[in-house]
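J.: What shape does this take:
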Amino acid sequence: MDRRTFIGGVVALPFAFLFKKAKAEEIVEQSIHLEKTESVEVKEKSNCVEDKYGTKRWQNQNGERHRLDGPAVEWTDGSEWFQNDKRHRLDGPAVEWDGGYKAWYQNGKLCRYVNG
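T.: Residues are numbered from 1 along each chain as shown. Down below sits the predicted model:
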């Protein structure tokens, strides 16, 4: 078919068509780069921004804090895990600070915390 696919009887457009034209070109460019390097880490780094204080933030296409394979925000004294701008982690605390504070979140809801 011409750039469309049938999924369960519904026509699905390719991923790049979900964004405005400029974004579609960037996505295609990133996809080509990923195919050449065969590394998912390259895609994660392209969404990472580091500020002048050394804080690293990962974001999804909507500008929300988001990362699947690590913390979405890495401060100099701690880290926070986010998925779609909600604190979330299943295999450990979603918030960890150097002073010992830890908090467990699932889908943005606090489950428990340890202070120090």
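
J.: List the contacts of residue 84.
T.: Shown in contact with residue 84 (CB atoms under 8 Å, 6 or more residues apart in numbering): 60, 64, 66. Backbone N, C-alpha and C define where each C-beta goes, glycine included.

J.: Relative to residue 67, how far out is the first one?
T.: Spelled out, it's residue 60. 9 Å (CB to CB, to the nearest Å).

J.: Of those two, give the one with the bigger neighbour count.
T.: Each of residue 60 and residue 67 has its neighbours counted (other CB atoms under 10 Å); residue 67 has more, 21 against 16.

J.: tally of neighbours for the nearest residue to residue 59 once chain neighbours are set aside?
T.: Spatial nearest neighbour of residue 59, chain neighbours left out: residue 47 (5.3 Å); criterion: CB to CB, 6 or more residues apart in numbering. Using other CB under 10 Å, residue 47 is surrounded by 16 other residues.

J.: What of the one 4 residues further on?
T.: Neighbouring residues of residue 51 were enumerated by other CB under 10 Å; the total is 8.

J.: following the lowest-mean-pLDDT helix or strand in the chain, which helix or strand comes up?
T.: Least confident element among the helices and strands of the chain, by mean pLDDT, DSSP states H and E: helix 40-46 (a mean of 42). Per DSSP states H and E, the first helix or strand lying C-terminal to helix 40-46 is strand 48-50.
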